[in-house]
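Colleague: Next input, structure requested:
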Amino acid sequence: ADAHVIETGRPAEPARRAILGGITATVGAWSFPGVAEEDASFASAAAAPPRGAILITGANSGVGLSAAKQLAARGETVVLACRTPRKGEEARRAILEKVPDASDRLVVLADAGLEMTDLRLVSDYCKAFLDSGIPLDTLVLNAGIMAVPLGRTAQGHEMHFGVNHLAHFLVQDSLRGAMLERARERGAAGRVVACSSIANMLPGALRLDDLDWRAREAAGQYEKWAAYAASKAQNVLLTDEIARRENPEALVANAFHPGIVTTNLVRYILPELTAENRDPEAERRTPQGRAMSRMGIRDADEGAKTHVWLATAPEAGAASGKFYVDPGLEYPRGATREQLVAAQDWFLVSENDPLAKQLHLPDKFFEWRTPANAKKLWTRSREMTEAFGAR
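Modeller: Numbering: from 1, shown residues only. You can find the predicted model right below:
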């Protein structure tokens, strides 16, 4: 078997999960957790716990693939959590074309895929990951769909809510305990990073009394962009609630807007540059690419920079419950007009814009972002996923 493929057979003893995570000293050792040399590994771990992995959902395309590539290039170990193992392997090969020395740092579970439209399969993936013994330092909740027609998951949830939020809620709920154990072992906080969107500001999109859009569907009021916006608000509320619940010395959680990224537009604007085979430098040399850059539209590599910053930067590990529009640039608080323009987020309202204070902007766009809403969403999400928990 290849070293990067993890067999996920269930261990004989439940405690083996903690043992595997605690005694592994190298990537090679936990690439084959069942055959690790436990004596040598234990001695190494006692001196200095090994660096753990960064798990990225939806790592086979778009900004998720770019983030995985950039993290691997920085020497990080990345678990490619994709809908099927085949898609994970395809992503791994694509990354190795750009980062050929990352072979032992790109991990795909051999017999489990993270299918976000079915909570049973999400649970199966989380169980397989826990059984692998891979020590998890950072969880990047990146997978998502955008503005698809009305559809429902295997459990009957509205598709944006089910995929973008509820499946990710189950992932973090299943893996958070292992992350907290890992944080105690190494004396450093784990990280949960959620890819949201500035579309979360769409007024009236989020309704906690109609998370699955049943009432609005019955009234003929389903709107795919509003459903997408609501799910992106839910991403922020999720990390806000994790930040409220967890000690920041053990676990931090933050959400972010990756920018207006061409992963969905590029097939129409620059058809020669597909999302899976991007050449950002070549794109920027085209008239269309330069125009898009001036408009604040980013390529996939640029869109992934906040993924990477939140997953790796020391200062990002000291913050929790924040929403960023660029590395280190929190929104709506703390972002000046000059900073937004420099980050190509010029279209956003800042507190020092004319009339901003009189119109209560941009805070008015975030009226949904309250501790009460975050807590209520958490409670409802736990109720909807309780039967599938992998904890």
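Colleague: Residue 244 is in what secondary structure piece?
Modeller: Assigned by DSSP states H and E, residue 244 belongs to helix 224-245.
Colleague: other SSEs contacting that helix?
Modeller: helix 159-160, helix 167-186, strand 190-195, strand 251-256, helix 371-385 (3 or more C-beta pairs under 8 Å, 6 or more residues apart in numbering; DSSP states H and E). Every residue, glycine included, has its C-beta placed from N, CA and C.
Colleague: out of these, nearest to residue 114?
Modeller: With C-beta to C-beta, the closest approach to residue 114 among the helices and strands packed on helix 224-245 belongs to helix 167-186: 7.6 Å.
Colleague: for the closest one, which positions count as buried?
Modeller: Neighbour counts over helix 167-186 (16 or more other C-beta atoms under 10 Å) mark 167-176, 178-183, 185-186 as buried.
Colleague: And for stretch 345-365?
Modeller: Residues of stretch 345-365 classed as buried by neighbour count (16+ other C-beta under 10 Å): 345, 348-350, 356, 361-362, 365.
Colleague: Pull up the distance across it, start to finish.
Modeller: One end of stretch 345-365 sits 16 Å from the other (C-alpha to C-alpha, to the nearest Å).
Colleague: Quick one: residues in contact with that stretch.
Modeller: For stretch 345-365, contacts defined as C-beta atoms under 8 Å, 6 or more residues apart in numbering pick out 198, 201, 203, 257, 259, 296, 325-326, 329, 331-333, 335-337, 339-340.
Colleague: Now do the strands in this structure.
Modeller: Secondary structure of the chain by DSSP state E: the strands cover 5-6, 53-57, 77-81, 106-109, 136-141, 190-195, 251-256, 260-261, 297-298, 323-326, 329-330.
Colleague: ok, back up a step: dump the buried residues of stretch 345-365 to CSV, plus pLDDT.
Modeller: Output for the buried residues of stretch 345-365, formatted as CSV (pLDDT from 0 to 100):
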residue, pLDDT
345, 91
348, 94
349, 94
350, 94
356, 94
361, 94
362, 96
365, 96
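Colleague: Residue 343 and residue 328 touch, don't they?
Modeller: No. Counting by C-beta atoms under 8 Å, residue 343 sits too far from residue 328 to count as a contact (9.7 Å).
Colleague: Settle it for me: which of those two has more neighbours?
Modeller: Just comparing residue 343 and residue 328: by other C-beta atoms under 10 Å the higher neighbour count belongs to residue 343, 19 against 16.
Colleague: contacting residues around the closest residue to residue 107 other than its chain neighbours?
Modeller: Take residue 107 and drop its neighbours on the chain: the residue closest to it by C-beta to C-beta, 6 or more residues apart in numbering is residue 79, 4.6 Å away. Listed by C-beta under 8 Å, 6+ apart, the contact partners of residue 79 are 53-56, 59, 107-109, 129, 134, 136.
Colleague: and with 7 Å instead?
Modeller: By C-beta atoms under 7 Å, 6 or more residues apart in numbering, the contact set of residue 79 is 53, 55, 107, 134.
Colleague: how much space between the first one and residue 116?
Modeller: Read it as residue 53. From residue 53 across to residue 116, the span is 20 Å (C-beta to C-beta, to the nearest Å).
Colleague: low pLDDT regions in the chain?
Modeller: Low-confidence segments of the chain, defined by pLDDT under 70: 1-50, 261-298, 390-391.
Colleague: mind listing what residue 59 touches?
Modeller: 65, 68, 80-82, 91.
Colleague: mind listing the helices for the stretch 251-391 of the chain?
Modeller: Assigned by DSSP state H, counting those that start in this stretch, the helices in the stretch 251-391 of the chain fall at 266-269, 280-285, 287-294, 300-303, 305-312, 337-342, 371-385.
Colleague: Determine the number of other residues adjacent to the closest residue to residue 149 other than its chain neighbours.
Modeller: In this structure, residue 149 finds its nearest non-sequential neighbour in residue 224, 6.1 Å apart by C-beta to C-beta, 6+ apart. Residue 224 has 16 neighbouring residues, counting by other C-beta under 10 Å.
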